[in-house]
Each structure stands twice: as structure tokens, then as C-alpha cells.
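Engineer: With the sequence up front, the predicted model follows.
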Amino acid sequence: ALLQPRLAADSPFPTGFCHRRRELENGMVAYFLVNHSMETFETTLRLKGGSVEEWDLVTGERCSLFYCREGNVLSIPLSMPRCRSILLMVYPDSEAQPAAPEITHRWRKLDCRSDLRQEDPNILLVDYLDLLVDGKTYEDISYLQAAELLFRHRGFNGNPWELSIQYKSRMLEKNDFGKGSGFTLRYHFQASESFVPGNLILAAERPSLFTLQVNDRPISWLENTNFLDRHMGCANIASVVRPGLNTVELTASVFDITAEPEAICLRGNFSLEDHQNQWTLVPETTLSVGSLPGQGRPFYTGALVCETVFHAEADGESIRLLYPRLDANGCSIIVNGRFAGLAGVDGDSSLDLTPYLIPGENRVTLRVSIGLRNLLGPHHMFENQRLSSRNTAFPAYWAQMPRKGQPPAAAYDCLPYGILEFPVLEIGE
């Protein structure tokens, strides 16, 4: 005769669902269940015993469960979200009394409207430039190569901030360069004929060391304004941008060891298109669900805000939020101005909104954090490393950036961050 399984379920166990069973000296049996699958597993478990309860894995608290008993077989309704684990303790007798059955609902979709917007301006990264130093011009080189060449022109073996570790102020003490040691960094970007900048902010590191010109027009740095950190200054260049090729020049009259060439950023209300293999500023397009790179925002770093408005007609209505598919660093949930939690932190796929509801109009806000990866890179890893290394970053990945010749726009490796679908609200009946 075939042996009956000690643990059975009404539904097939999904791939990734695991358990451990241990028999204790006092006759109890412990079942440790883990759901490593990518979906919530709902079923009825069947196992032998006299009674059962759940023990909290963090606090050790004993929690009553609803179960049914037929002879020596216990039937336990189970709903386990992905990435969730539980500990069931089975008694040989009826020591653990069953809890009252949970109130279950039949859910139907609730009518609502959702609006999506970005919290910050869009960004263009300009990471290739021309270096003008000591009468020589190095065209279309990466900012890493520009730093390497510039420091070699000033007697270093390469970029000391890449190759050396500063002891006390040893490198800063070498900062004694006089007249004739200056240099110019020249960046280029494209704007379409239809693009009219209302506000276009250029951000560059160490603005106090450089004078700024855009299309041969001098531009002043904005006071008390920075981006990312206090060393990255800003300037409004909207008034001098023109259709076609635009040129930004940062000129240092005297070399400074802290004037390391870096990429610059443009921030404003625009979208980006790949035109003849170059990123080109175009009028801003309407944001919708889907990946940001696919909507002209490949370097965007700010948050996305999705607001959903609905009506609650009566007190006691049960309404839940089903988390939308996201590709992001995190998602905060605010209901009627009250923080309600972070989406998916515990592996949950939904949130009970009932405690936060008010009669009449209600508002659920999802604030989705995108992060800095698509701006800071790496963007130019070797093809055979892209898929295996896209969620990790080591200095060697930036070193793979081509030294000369900017890659085409389509070759930039940007992750498909975004809100991939609008959230769904359901009401229980």
C-alpha cells in the first residue's frame, strides 16, 4: 500500500513552495512553510494531528488559526503571499482551539480614475566631450578619458582620484598651478526644431572653478542652487538654446586638482528621442504607464506619482488596493494624506484600505522611487556582461566606456524603470 503524504493540499504546490517537518519530544510536530514562488498560494492544507496553531516567527507569539478536524486530519485554509514564511505547530490533542473563521469577501473591481505624473524634471546625460589643453584638442572622448589626459598634461601618471588614495592632504598639497595651466571642456547636445525650452537647467560639478558659455554666450551660475550634492552647481540656459547643435563650454583659467572632468546634465520639461543615433531634446510627451526609457525619459531619477480617486459610499465598506506591476526601487502608499505603508515589502500583493477611508471622495497616492542608476550608470558595459550584471555595479564596469567616439543613443544601457500598469481597487461584497 502507498504511504499517505504527511502534508497535502487541495491545490498543487507551486514551484518554490518548500516546507520542513520536525517531530518534537513532547509529541508536537512543527511545520515550517516558505513560499518562494512568484505568486500568492491559496489552498487548504491537510495534515494529521489533534489541533494546530501558528507561532509568530519574530515574536514567538502563539496565534489561533481557523481549522476543521475530521478524525485525526486537520484542514487548514491557507493564503500565503510570495516571500512569506509561517510556522505551524501541531498538537497531538485538542489543546489549541480553532479561531473563528475569517470573513471572506467576493471582490469586484471598483470604478476609479488614475493620473500619473513625474515629480521632477526630465534629465539628459552628456558624458562625451572635447578637451582643449596646451594647444591640443581631443575630440569626442569620454569624461573618464578626458580626466586621464588632463592630469597627464599636468604631470600626473593619470587621474589621481581614480588611481590613488589620498593620505591626509597629500594630493591637495600638489595644487600649485599657475598662469597658463587652464583648460576647456566642450560638450555638445542636440535640440529639435520644435523644442522651445521654457526652463532648461544645466548642472555641472565645481562651478566655482569654471566660467560657462553656451553657444558662445556667457551664462552665470545660479546662486544657492545645486543638483545631487552641493558641489554640483546649476545654470539656466533656456534663453540661449537653439535648434540643432548646441555647445557648452566650461573653462578653467587655472588648473585645479579638484577640477576633474565629469559628465554634465540638462534638466527640464522635455522628452528625448533617438535622432540619427544622438539623444535629441524634443517637446515633452505625456507620461503614461510603461517603461520610462520607452517614453523619452531614459535618465530620469526622480519619483513618479500615481493618484487614484474613488468614492466610498458607506461606513464599513471593505476596499483593497491591488499593487500594480512596478520596476522601481520602492513604492510608498498614502491614503487621504495618511502614510499607509510600502508596497510589497512583506511580499504582499494588496493593501486593505478600509482603516483609512472617509465617506465620499477618497484619494490613494502611490509615490514610486526610481533611483539614480539610469543617470549614474554604468551605461556602456560589454555586451556579454549586460544581462548578468545589470543590477550590480563595480568600478570596472565604468572603465568599459569607449574612450573615444560616443556610442549611439540606442546603445546606452538603461533599465526599464516605471509604473507598468495602473493600480486596481476592489470592493468586497
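Structural biologist: Yes, it's here. The model shown is predicted, which means the values in this text are computed figures rather than measured ones.
Engineer: do you know how far residue 281 is from residue 122?
Structural biologist: 9 Å (CB to CB, to the nearest Å). No exception for glycine: its C-beta is placed from N, CA and C like everyone else's.
Engineer: Can you pull the residues that touch both of the two?
Structural biologist: By the contact definition CB atoms under 8 Å, 6 or more residues apart in numbering, residue 281 and residue 122 are jointly contacted by 270, 271, 272.
Engineer: okay, now the first one: neighbour count?
Structural biologist: Neighbour count of residue 270, defined by other CB atoms under 10 Å: 27.
Engineer: Distance-wise, check it relative to residue 301.
Structural biologist: 15 Å.
Engineer: try the second one
Structural biologist: The span separating residue 271 from residue 301 equals 15 Å under the rule CB to CB.
Engineer: go on, residue 232?
Structural biologist: Separation of residue 232 from residue 301 (CB to CB): 13 Å.
Engineer: Same question for residue 85.
Structural biologist: Taking CB to CB, one finds residue 85 at 34 Å from residue 301.
Engineer: So for these two, which sits in the more crowded spot?
Structural biologist: Of the pair residue 85 and residue 301, residue 301 is the one with more neighbours under other CB under 10 Å, namely 22 against 14.
Engineer: residues contacting the more buried one?
Structural biologist: 120, 123, 370, 371, 372, 374, 375.
Engineer: please redo it, this time with the cut-off set to 10 Å
Structural biologist: Counting by CB atoms under 10 Å, 6 or more residues apart in numbering, residue 301 touches 120, 122-123, 227-228, 265, 267, 292, 369-376, 417.
Engineer: Same question for residue 29.
Structural biologist: 6-7, 21-23, 47-49, 52, 88-92.
Engineer: sorry, back to before: among the contacts of residue 301, which are located in strands?
Structural biologist: 122, 123, 227, 265, 267, 369 (DSSP state E).
Engineer: among these, which two are most distant?
Structural biologist: 265 and 369 (18.8 Å; CB to CB).
Engineer: higher neighbour count, these two?
Structural biologist: residue 265 (21 against 17).
Engineer: would you list every one of the helices in the protein?
Structural biologist: 143-153, 160-163, 373-376, 383-389, 395-399 (DSSP state H).
Engineer: Out of these, the one nearest residue 242 is which?
Structural biologist: Of the helices of the chain, nearest to residue 242 by CB to CB is helix 143-153, at 24.1 Å.
Engineer: Identify the residues contacting that closest one?
Structural biologist: The set of residues external to helix 143-153 that reach it, using CB under 10 Å, 6+ apart, is 126-131, 133-134, 136, 138, 141-142, 156-163, 181, 183, 185, 187, 252, 255, 257, 259-264, 398-399, 401-404.
Engineer: Alpha carbons of it, as CSV, please.
Structural biologist: Taking only C-alpha atoms (Å, rounded to 0.1, in the frame of the first residue of the first chain), the coordinates of helix 143-153 have been written out as CSV:
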residue,chain,number,x,y,z
TYR,A,143,34.8,62.2,-19.5
LEU,A,144,36.9,59.4,-18.0
GLN,A,145,39.4,59.7,-20.8
ALA,A,146,39.3,63.5,-20.6
ALA,A,147,40.3,63.3,-16.9
GLU,A,148,43.1,60.8,-17.7
LEU,A,149,44.6,63.0,-20.4
LEU,A,150,44.2,66.3,-18.5
PHE,A,151,46.0,65.0,-15.4
ARG,A,152,48.8,63.6,-17.6
HIS,A,153,49.2,67.0,-19.1
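Engineer: hmm, back to that, can you tell me which of the helices of the chain comes nearest to residue 67?
Structural biologist: Short answer: helix 383-389, nearest of these by CB to CB, at 45.6 Å.
Engineer: Under the pLDDT cut-off, which ranges of this structure? List them.
Structural biologist: 1-3, 100-105, 314-316, 346-347, 382-391 (pLDDT under 70).
Engineer: which stretches of the stretch 101-250 of the chain form strands?
Structural biologist: 107-109, 113-118, 122-126, 128-133, 136-142, 183-191, 200-205, 211-214, 217-219, 226-227, 229-236, 244-252 (DSSP state E, counting those that start in this stretch).
Engineer: got JSON lines for those strands, with distance to residue 307 and mean neighbour count too?
Structural biologist: Shown next, in JSON lines, are the strands of the stretch 101-250 of the chain (distance: least, CB to CB, whole Å; neighbours: other CB atoms under 10 Å):
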{"stretch": "strand 107-109", "distance to residue 307": "18", "mean neighbour count": "12"}
{"stretch": "strand 113-118", "distance to residue 307": "5", "mean neighbour count": "15"}
{"stretch": "strand 122-126", "distance to residue 307": "20", "mean neighbour count": "22"}
{"stretch": "strand 128-133", "distance to residue 307": "39", "mean neighbour count": "21"}
{"stretch": "strand 136-142", "distance to residue 307": "41", "mean neighbour count": "15"}
{"stretch": "strand 183-191", "distance to residue 307": "32", "mean neighbour count": "19"}
{"stretch": "strand 200-205", "distance to residue 307": "26", "mean neighbour count": "23"}
{"stretch": "strand 211-214", "distance to residue 307": "37", "mean neighbour count": "18"}
{"stretch": "strand 217-219", "distance to residue 307": "37", "mean neighbour count": "13"}
{"stretch": "strand 226-227", "distance to residue 307": "26", "mean neighbour count": "17"}
{"stretch": "strand 229-236", "distance to residue 307": "29", "mean neighbour count": "15"}
{"stretch": "strand 244-252", "distance to residue 307": "36", "mean neighbour count": "17"}
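Engineer: can I get those strands in CSV with distance to residue 15?
Structural biologist: Compiled in CSV, those are given as follows (distance: least, CB to CB, whole Å):
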stretch, distance to residue 15
strand 107-109, 26
strand 113-118, 33
strand 122-126, 40
strand 128-133, 46
strand 136-142, 44
strand 183-191, 48
strand 200-205, 47
strand 211-214, 57
strand 217-219, 59
strand 226-227, 45
strand 229-236, 45
strand 244-252, 53
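Engineer: Out of those, the one nearest residue 425 is which?
Structural biologist: Smallest distance to residue 425 across these (CB to CB): 7.3 Å, for strand 107-109.
Engineer: Residue 199 is in contact with residue 234, correct?
Structural biologist: No: in this structure, residue 234 is not within contact of residue 199 by CB atoms under 10 Å, at 11.1 Å.
Engineer: what is in contact with the two at once?
Structural biologist: Contacts common to residue 234 and residue 199, judged by CB under 10 Å, 6+ apart, are residue 267.
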